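Peer 1: Following is a predicted model, sequence given first.
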Amino acid sequence: MTRATSSAPSQRMLRVGEQVRAAITQVLQRGEVRDDVIEATVISVSEVRMSPDLKIATAYVTPLGVSDHRVVIEALNRHARFIRGRLGQQLRQMKYMPEVRFRDDTSFDNYKKIDELLRSPEVSRDLDGDNDEQ
């Protein structure tokens, strides 16, 4: 039997990633992490990607209202072991508690660049030209 070569995440990886995302969000909302940087920042957890063996969870976060995201990401990674321990209460069904890694979510910046490109005069001119031909 051959294995699928698709790089897309499995349904199980997606489901567990969403459960871990919800658990991390609850830990951060309740203020369980005692760190001045984390307590003073509103943090949005947009996605958690699980490794195929479900042992590593990469959480993509966006600190809101902060210009330097790097400081917040470093603070979260410093407290990753504590957060992992707090997740155990909500994810009891998992055989192994995943190691949590935090990364800056740059997808919003990418969406903004695409939106700016679509609104640029050159693209607008090209789109207006297509409407004239029809």
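Peer 2: Alright, I've got the coordinates. Keep in mind it's a predicted model, so treat the numbers as computed, not measured. Residues are numbered from 1 along each chain as shown.

Peer 1: Just give me the neighbour total for residue 41.
Peer 2: 19 (other Cβ atoms under 10 Å). In short, each C-beta sits where N, CA and C put it, glycine included.

Peer 1: That should have said residue 59, apologies.
Peer 2: 25.

Peer 1: which residues pair with it across the strands?
Peer 2: Note on residue 59: beta-bridge partners residue 48, residue 102, judged by DSSP bridges.

Peer 1: mind listing what it touches?
Peer 2: 20, 21, 24, 45, 47, 48, 76, 100, 101, 102, 103 (Cβ atoms under 8 Å, 6 or more residues apart in numbering).

Peer 1: Repeat that for residue 41.
Peer 2: Counted by Cβ under 8 Å, 6+ apart, residue 41 has contacts 63, 64, 65, 66, 72.

Peer 1: Please state the backbone phi and psi of the residue lying closest to it once chain neighbours are set aside?
Peer 2: What sits nearest to residue 41 in space, not counting adjacent residues and going by Cβ to Cβ, 6 or more residues apart in numbering, is residue 63, at 4.9 Å. Dihedral pair for residue 63: phi -70, psi 120, per degrees, to the nearest 10.

Peer 1: Next: residue 45.
Peer 2: With angles defined as degrees, to the nearest 10, residue 45 sits at phi -100, psi 100.

Peer 1: Can you give me the neighbour number for it?
Peer 2: 22.

Peer 1: what ranges of the chain fall below the confidence cut-off?
Peer 2: 1-6, 129-134 (pLDDT under 70).

Peer 1: Let's see that with 90 instead.
Peer 2: Within the chain, the segments meeting pLDDT under 90 span 1-10, 31, 64-68, 88-96, 106-134.

Peer 1: now for the top helix by length along it, which elements pack on it?
Peer 2: For the chain, the longest helix by residue count, based on DSSP state H, is helix 11-29. Judged by 3 or more Cβ pairs under 8 Å, 6 or more residues apart in numbering; DSSP states H and E, helix 11-29 is in contact with strand 42-50, strand 56-64, helix 80-87.
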